[in-house]
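> Sequence and predicted structure, then a few things I'm wondering about:
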Amino acid sequence: MAGHDHGHTPAAWTGVTIAFVGFCVAGAFTVAANPLGFWAGMVIIVLGGVVGAAMRAAGLGMPKAQHPPQPKPQPQPAAQSQTQTQS
């Protein structure tokens, strides 16, 4: 993946950072057995996705025209089984 520019945008960094904070909050409140705090962390995670999508829509993400082409998987030949008949 080092050859790709996947996610090197302000929108991606911001969305992932907010989601990471949400995972930390949810994890901490899970250990503390506090369901309200856990769900607050889940809301923060969703908020990270919303903020990242909004920033991408505002032009801070990678435009679709610049996405590198994805290699198409080549079909693998089916393994041929050889049956031996014994006389």
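Thanks, I have the structure now.
> Helices of this structure, start to end?
10-31, 35-55 (DSSP state H).
> What helices and strands are in contact with the longest one?
Counting contacts by 3 or more Cβ pairs under 8 Å, 6 or more residues apart in numbering; DSSP states H and E, helix 10-31 is packed against helix 35-55. C-beta: built from backbone N, CA, C; applies to glycine.
> Also the last one?
For helix 35-55, the helices and strands in contact under the criterion 3+ Cβ pairs under 8 Å, 6+ apart are helix 10-31.
> Distance from the helix it packs on to the middle of the chain?
13 Å (Cα atoms, centre = their mean, to the nearest Å).
> by how many degrees do it and helix 35-55 diverge?
170 degrees (axes from the mean of the first three to the mean of the last three Cα atoms, to 10 degrees).
> residues of helix 10-31 that come out buried?
Neighbour counts over helix 10-31 (16 or more other Cβ atoms under 10 Å) mark 11, 12, 14, 15, 18, 19, 22, 25, 26, 29 as buried.
> so what's the nearest residue to the last one once chain neighbours are set aside scoring on pLDDT?
Closest residue to residue 29 in three dimensions, ignoring its sequence neighbours and counting by Cβ to Cβ, 6 or more residues apart in numbering: residue 37, at 3.0 Å. pLDDT, residue 37: 95.
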